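Undergrad: What follows is a predicted structure for the sequence shown.
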Amino acid sequence: MPDPDQLIPEEEEDLLEWASMAVFYAVGYIRILAEAIERGDADFQVDPAAWDNTLIAVEGAMMEQIRGRLHGPTAITLEDVERMRRLRGLGSAALSGGERSPELCPLALRCMESLCGRDWKSVAREAAFYARALNQEFHPRRRT
């Protein structure tokens, strides 16, 4: 086991920072989309490209955890990665105006829990706040 006081190489530090941000924003986007679908909102408040890019990044981070290069609050399995891929596909379909699958919300909850552990609800609330702000900064809504 590595010494916690030992400095980590810059490459590993960059990987950890990238993975942390990917997980954080993915949880935010997942929560925003799942809540919008549950409410029946017409506007999901998530940019489709941001959804795809972020969930693809988190899938990569999950694979790095399986390979042992990263460690998180939960033990990630290949089943977790497959669920995340399924969620990405369902979310992408909904964001492009396609089906709003009834599977999406329960799958979203399970994916957030697999990423964050038991504290997923508080992490998801905070992440959704920051994901909304980021989405608004890069994809502002037009006021009419």
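TA: Looks like it came in fine.

Undergrad: Which of the three states applies to the residue most central in space within the chain?
TA: Of all residues in the chain, the one closest to the mean position by C-alpha atoms, centre = their mean is Ala26, 1.7 Å from it. At Ala26 the chain is in helix, as set by DSSP: H, G, I helix; E, B strand; the rest coil.

Undergrad: That one: what's it in contact with?
TA: Residues near Ala26 by C-beta atoms under 8 Å, 6 or more residues apart in numbering: 54-55, 57-58, 115. From N, CA and C alone the C-beta is placed, and that goes for glycine too.

Undergrad: which one of those is nearest Gly98?
TA: Leu55 (16.2 Å; C-beta to C-beta).

Undergrad: Could you find the closest non-adjacent residue to that closest one?
TA: Arg88 (4.1 Å; C-beta to C-beta, 6 or more residues apart in numbering).

Undergrad: Could I get the pLDDT score of the one you found?
TA: Predicted confidence (pLDDT) at Arg88: the value is 97.

Undergrad: Pull up the gap between Gly72 and Leu16, please.
TA: For Gly72, the distance to Leu16 equals 10 Å [C-beta to C-beta, to the nearest Å].
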